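Peer 1: no FASTA, just this:
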């Protein structure tokens, strides 16, 4: 299920409530001008949330709550600078400054704060993609959205007041030191922290960064100080863009990756092109440009993008692997095979590359070579099960060798490991139809459709199973769904549709179906014979 819309038409709390009530699993991505955030759901409960290019507030939250000291945080940040692929939380645990349980509790707080901040976005768009899981699996939580919605509503109401004094975070404040001294007020900790930082130069956004407080806490504290007359607005921060900084380039790159992961491909393309325009030699951006083009099905453009990335010094195995996929889709199998060989030379033993080599070998008609490559790949997946793609190609290579029972066993094993892989259900349906197990084939196809009803081949395979079992009404329904999704699915679909129409004594409709079959394959003698017969009869 995909849900898309505008925040001007539907509020974010309403969207969260809809997903919670529907017990949905997937990723809700939200954009507001140049900002991007996402919330992951697991059966209606929030499991993760983050805002791209927003300072990671975990360390600040830990210090503020007294769980760790500022010295501990500084030491962990220094180590993270040397190990950039490590999360701050796991480094703190490793250094003994934090327990796993406390880390998980504080991550829940961090996720809640991210959701609350998203509630303040009223422009832009949202998009929900089902069955998408976050990469940060070790930091997943389970939060009931109802409690967040109540607190979020309260904060939104407070924001409407705060915005009267702090309409935007580019506002610069200065402290009226004389009035503050005369009043000698008892300031809240957040207010005291800001008073030390407010200097007539820092804007509210800078105060958020340097104080370690969240946007809501900073806004609330500024509102209280401004209402009491202890601080005054003195202007706005100036936007300066004389040169493009590395940080700005990284922001565009991070946004592009976030857009890509949530399926917002046009937005991802825009951000990666900005990076390339500003840093021509940025290898990650060029790599992701190729990935976006692959997702869009622009095989030739993707091949050109990966060729460009592969020609640069230090190109990694993944670049050649993706280049091979684009070339395979273009039917350039020899070039794809050469690219995969280069991927093997440049990378560690990667079972996915060997699986792709097997796929190309099958395309070239060499099932024995494909089996050899697949046997080489399988142990490399340990301790995880082999991928769904491995089971797909292993079953196909085995079936091409005539061993249908072994192929069916492989598909059953693959479905046990990957029950949501619609393609495996599809393959088992086709195989059981070939084995004349029509009821099993229909059940396999229906199981696959429950996972992904957008695959026309699954509808066709369900139709084939019903057709072989002489359940023509069921076959008609399945075939019609198939050709609605893909009008050029194949001449055999229209041949069978015509046959069913003819059995129903609908010769005109039957002729239309057979004419469409001939358009797709003018050499189909059976269709031509059927057409001639029906025309003679009418």
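Peer 2: Structure's in. What do you need? Not measured: the values here are computed from a predicted model.
Peer 1: mind listing what's buried along the helix or strand hosting residue 157?
Peer 2: If you go by DSSP states H and E, residue 157 is part of helix 145-165. Buried positions in helix 145-165, judged by neighbour count with 16 or more other CB atoms under 10 Å: 145, 148, 149, 152, 155, 156, 159, 162, 165. Placement of C-beta: from N, CA and C, glycine included.
Peer 1: just send these back as JSON lines, with distance to residue 352 too.
Peer 2: Shown next, in JSON lines, are the buried residues of helix 145-165 (distance: CB to CB, whole Å):
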{"residue": "145", "distance to residue 352": "36"}
{"residue": "148", "distance to residue 352": "38"}
{"residue": "149", "distance to residue 352": "41"}
{"residue": "152", "distance to residue 352": "41"}
{"residue": "155", "distance to residue 352": "45"}
{"residue": "156", "distance to residue 352": "45"}
{"residue": "159", "distance to residue 352": "47"}
{"residue": "162", "distance to residue 352": "50"}
{"residue": "165", "distance to residue 352": "55"}
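Peer 1: which strands and helices lie in contact with the following helix or strand past the helix holding residue 157?
Peer 2: Heading C-terminal from helix 145-165, the first helix or strand you meet, by DSSP H and E, is strand 171-175. Strand 171-175 is packed against helix 204-211, helix 215-227, strand 231-236, with contacts defined by 3 or more CB pairs under 8 Å, 6 or more residues apart in numbering; DSSP states H and E.
Peer 1: can you tell me what sits against the shortest one?
Peer 2: By CB atoms under 8 Å, 6 or more residues apart in numbering, the list of residues contacting strand 231-236 from outside reads 168, 170-176, 195, 198, 200, 203, 222, 225-226.
Peer 1: same question for the first one.
Peer 2: Applying CB under 8 Å, 6+ apart, the external contacts of helix 204-211 come out as 55, 166, 168-173, 190, 193-194, 197-198, 202, 213-215, 218-219, 222, 237.
Peer 1: can you give me the helices for the stretch 301-450 of the chain?
Peer 2: For the stretch 301-450 of the chain, the helices defined by DSSP state H, counting those that start in this stretch cover 317-329, 333-346, 351-363, 367-377, 388-400, 404-417, 422-434, 438-451.
Peer 1: my guess is residue 279 contacts residue 249, does it?
Peer 2: Yes: using CB atoms under 8 Å, residue 279 is in contact with residue 249, at 5.4 Å.
Peer 1: quick check: chain neighbours aside, which residue is closest to residue 98?
Peer 2: Using CB to CB, 6 or more residues apart in numbering and skipping the chain neighbours, the partner closest in space to residue 98 is residue 92 (4.2 Å).
Peer 1: and the helices of the stretch 301-450 of the chain: which comes nearest residue 100?
Peer 2: Minimum separation from residue 100 across the helices of the stretch 301-450 of the chain (CB to CB) falls at helix 404-417, 28.5 Å.
Peer 1: elements contacting the closest one?
Peer 2: Applying 3+ CB pairs under 8 Å, 6+ apart, we find helix 404-417 packed against helix 388-400, helix 422-434.
Peer 1: list the buried residues of that helix.
Peer 2: Using 16+ other CB under 10 Å as the test for burial, helix 404-417 gives 404, 407, 408, 410, 411, 413, 414, 415, 417.
Peer 1: low-scoring stretches of the stretch 301-450 of the chain, by residue?
Peer 2: Applying pLDDT under 70 to the stretch 301-450 of the chain flags the ranges 348.
Peer 1: packing partners of the helix holding residue 157?
Peer 2: For helix 145-165, the packing partners by 3+ CB pairs under 8 Å, 6+ apart come out as helix 12-21, strand 45-51, helix 100-118, helix 215-227.
Peer 1: for residue 483, which of the ones you listed is the nearest?
Peer 2: helix 12-21 (32.6 Å).
Peer 1: what residues does that closest one touch?
Peer 2: Here helix 12-21 makes contact (CB under 8 Å, 6+ apart) with 3, 5, 26, 28, 30, 39, 41, 44-46, 115, 118-119, 121, 126, 128, 144-146, 148-149, 152-153, 156.
Peer 1: and the buried ones among these, selectable in PyMOL?
Peer 2: Remark: buried members of those, expressed as a PyMOL selection using 16+ other CB under 10 Å:
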select buried, resi 3+26+28+30+39+41+45+46+115+118+119+121+126+128+145+148+149+152+156
